[in-house]
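In: my questions concern the predicted model and sequence given below.
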Amino acid sequence: MPPAIGPIIGAVLVVAGVATEIAVVISAVVSIAVSVAMAATAPKPKRTPARPLADSSLRNEAHARTVVVRSSIEPHRIIYGKVLVSGPLLFAATSPANPAILNLVVALAGHECEEIGDVYLNDELTTAARLAGHVTVFKHLGTADQTADADLIAENVGWASTDRLQGIAYIYVRLVYNSNIWLAGVPNVRAVVKGRKPYDPRTGTHYWTANAALCQRDYLRGNFGLAVPTVSLDEESWMAAANICDEWIALAGGGYQRRYECDGTFQLDEQPIDIMEDLLSASAGSLVYAQGTYRCYAGAYNTPTAALGQDDLRAELTYAAKPPQRELFNTVRGTFVDPTKYWQPTEFPAVTNAQYVAEDGQQLVADIELPYTMSSPAAQRIARLHLEKHRQATTVHFPAKLSAIGIVPYDTVTVTLPLLGWAAKIFRVLSSSIVTEGVDLVLQEESPSVYSWAEGETVGDAAPNTALPSPWAVSQPSSVLLQSGRGIYVTSGGSTTYRIRVVCVVTEPSVTSGGWIEAQYKKSADSEWISGGIVSGGIAEIFLSPVEAATLYDVRVRATNDLDASSEWLTVPPHLVSSTILYCSDMMWVAEPSTAAANYQRL
């Protein structure tokens with residue numbers, strides 16, 4: 001591997017979807033863990049309601065790549081998948097034998113291509129009936145043994161047999177002048193091109209494909225790209241990513257499409273890091289350099305490879321539950337390149353999670369650009385993944401013992417810490433750094449449902465931050481018992497006061513350790529509730545008094561914890577106060593008191 005590659009990537013790329021301050025670049029392991037794509041698809045939220053998207057770099061680039069360029073120093077263009085492109089005008093001359101004929105040579109790609117398909121003059125196909133007899137197109141795919149165009153040589157315009165343009169895909173367009181056809185002068189020339197033929201390690205062959213992982217691998221390996229030797233690639237990860245990209249996804253309107261395809265183009269004067277970011281955006285992908293090899297991961301869930309717990313900690317754990325408020329968003333919108341609209345950037349329907357909007361109190365919008373995505377469902381799929389990854393933002397700095405030395409970036413692990421309410425909670429490894437005492441891990445919460453997809457679907461929080469109950473959600477009391485009569489009364493001086501005995505139970509620790517239970521009552525015929533008293537603890541005995549015998553009463557109870565958070569009222573079925581009176585004498589129940597003047601109380 002060229003010595004500059006690792007440091008360049010490590011210095012430039014950041015962890016998308018996580019607060020900037022936790023992005024970590026380490027010397028032994030360079031981690032490029034990306035939520036949806038790298039910086040190209042890590043948008044900043046806009047704290048305004050959705051509005052039409054402004055002009056963007058994708059719009060400008062898409063326009064530029066479809067316009068003939070008159071330049072003698074134009075960089076080579078690389079094409080992956082299928083895309084509409086133009087290019088530099090390499091040659092233009094009229095034929096000496098017939099000055100009405102204009103000969104144009106337009107380069108399309110700086111490499112061999114699979115196919116040059118439809119050719120357009122401005123927005124009109126060259127096969128249109130109106131142009132018959134006025135345009136002829138000759139296509140050259142840029143093979144290594146490509147010969148000079150014989151028809152152009154025959155025009156005697158200075159094109160020689162040595163002008164082979166080997167390794168350059170181009171078209172020779174012959175136009176015949178007609179003032180009624182070429183009203184605006186020389187037309188813009190564009191063509192639909194199937195580009196490079198990546199190598200597939202699964203089959204050991206080169207062929208044309210739009211498989212996003214294979215296109216990313218081709219750029220990483222190519223001498224026009226990062227020129228990474230094969231020995232520096234973890235081929236198992238690349239094959240797994242390619243399989244994910246090839247999966248078929250059902251569409252709501254019928255039919256299927258591949259999960260992740262890469263259709264786009266770039267020029268070699270662009271920064272390699274920017275190119276790689278854009279390529280990864282097509283697969284919601286991640287590129288990780290760890291333990292001396294480059295590993296590719298497409299946007300999909302992978303099964304945890306390790307389990308961490310209290311015994312694996314060597315120091316205090318720290319974590320952040322959510323991103324800063326200024327970075328939150330609950331809606332993702334953006335642009336993709338739409339072949340049905342002249343291959344121009346087009347807005348896909350915004351993806352919104354209603355639960356997140358309710359939590360945030362307003363719609364917070366993030367914009368993304370997907371320059372290598374060519375369908376609206378695919379763009380929405382990536383946008384939803386980006387949204388859900390962003391909201392699963394609990395990030396953990398886990399100082400582990402040497403037992404975690406085999407854990408590498410982008411692995412998924414489970415963490416069990418009962419004090420935090422984590423029982424095999426899933427996290428993805430953002431970085432792994434070996435230190436003297438052990439391994440420092442940075443983890444972000446993860447969930448399989450982040451990657452599931454049904455067109456138009458949104459979900460709630462896919463990975464709740466903790467399984468501990470919310471301190472503000474208090475359960476209602478249970479096992480409520482109401483009693484009256486049979487000694488549940490007070491007598492004094494011959495007067496009897498009837499009462500209702502309420503017994504209920506609450507098991508929540510926040511109530512039993514410092515909270516209380518409250519009861520209220522009223523005649524069923526009345527509307528106003530009467531406070532019946534408050535007692536502390538989780539098992540309550542409350543006496544509601546005074547009440548009238550042979551009368552129907554409503555009773556309700558609720559629990560309040562040590563943070564003053566209360567449960568909903570629990571209203572029990574109406575209770576008819578019993579008029580049965582029993583007195584206690586010599587530990588025996590009798591119908592009348594044995595001593596007329598005595599005062600009796602039975603609780």
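Out: Good, I have the coordinates.

In: which parts of the stretch 301-450 of the chain are strands?
Out: For the stretch 301-450 of the chain, the strands defined by DSSP state E, counting those that start in this stretch cover 306-309, 318-320, 331-338, 344-352, 365-370, 395-400, 412-417, 422-434, 439-445.

In: from the contact counts, what lies against the last one?
Out: Contact partners of strand 439-445 among helices and strands, from 3 or more C-beta pairs under 8 Å, 6 or more residues apart in numbering; DSSP states H and E: strand 395-400, strand 422-434. (C-beta placed from N, C-alpha, C; glycine too.)

In: ditto for the third one
Out: Under the contact definition 3+ C-beta pairs under 8 Å, 6+ apart, strand 331-338 sits against helix 57-64, strand 344-352, strand 365-370, helix 376-391.

In: before we move on, the earlier item: out of the strands of the stretch 301-450 of the chain, flag the one nearest residue 497.
Out: Across the strands of the stretch 301-450 of the chain, residue 497 has its closest neighbour in strand 422-434 (51.7 Å, C-beta to C-beta).

In: follow-up on the earlier one: could you dump the helices and strands packed on strand 439-445 to a markdown table with mean neighbour count?
Out: A markdown table is the format used below for these (neighbours: other C-beta atoms under 10 Å):
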| stretch | mean neighbour count |
| --- | --- |
| strand 395-400 | 22 |
| strand 422-434 | 21 |
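
In: could those strands go into a markdown table alongside mean pLDDT and distance to residue 560?
Out: Converted to a markdown table, the helices and strands packed on strand 439-445 look like this (pLDDT from 0 to 100; distance: least, C-beta to C-beta, whole Å):
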| stretch | mean pLDDT | distance to residue 560 |
| --- | --- | --- |
| strand 395-400 | 95 | 33 |
| strand 422-434 | 93 | 28 |
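
In: of these, which is nearest residue 238?
Out: Nearest to residue 238, of all those, is strand 422-434, at 19.0 Å by C-beta to C-beta.

In: output that closest one in CSV, but only the C-alpha positions, please.
Out: Provided in CSV are the C-alpha atoms of strand 422-434 (Å, rounded to 0.1, in the frame of the first residue of the first chain):
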residue,chain,number,x,y,z
TRP,A,422,-28.6,-2.6,29.3
ALA,A,423,-29.3,-6.3,28.9
ALA,A,424,-27.3,-7.4,25.8
LYS,A,425,-27.9,-4.0,24.3
ILE,A,426,-26.4,-3.9,20.8
PHE,A,427,-23.7,-1.4,19.9
ARG,A,428,-21.5,-0.8,16.8
VAL,A,429,-17.8,-0.2,17.3
LEU,A,430,-16.8,3.2,15.9
SER,A,431,-13.1,2.9,16.9
SER,A,432,-10.8,0.5,18.7
SER,A,433,-7.5,1.7,20.1
ILE,A,434,-4.9,-0.5,21.8
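
In: strand partners (parallel or antiparallel) of it?
Out: strand 412-417 (antiparallel), strand 439-445 (antiparallel) (DSSP bridges).

In: of all the ones you listed, which one comes closest to residue 539?
Out: Nearest of the strands paired with strand 422-434 to residue 539, taken as C-beta to C-beta: strand 412-417 at 30.9 Å.

In: please enumerate the helices of this protein.
Out: Secondary structure of the chain (DSSP state H): helices at 5-12, 57-64, 150-154, 212-221, 235-246, 272-281, 354-360, 376-391, 509-512.

In: buried ones in the shortest one, by neighbour count?
Out: Okay, so that is helix 509-512. Buried residues in helix 509-512, defined by neighbour count with 16 or more other C-beta atoms under 10 Å: 510-512.

In: per-domain residue ranges of the chain.
Out: 82-194, 478-602 (automatic domain parsing).

In: re the thing from before, redo the strands of the stretch 301-450 of the chain as TSV? Include distance to residue 173.
Out: Shown next, in TSV, are the strands of the stretch 301-450 of the chain (distance: least, C-beta to C-beta, whole Å):
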stretch	distance to residue 173
strand 306-309	59
strand 318-320	58
strand 331-338	24
strand 344-352	22
strand 365-370	31
strand 395-400	55
strand 412-417	53
strand 422-434	51
strand 439-445	52
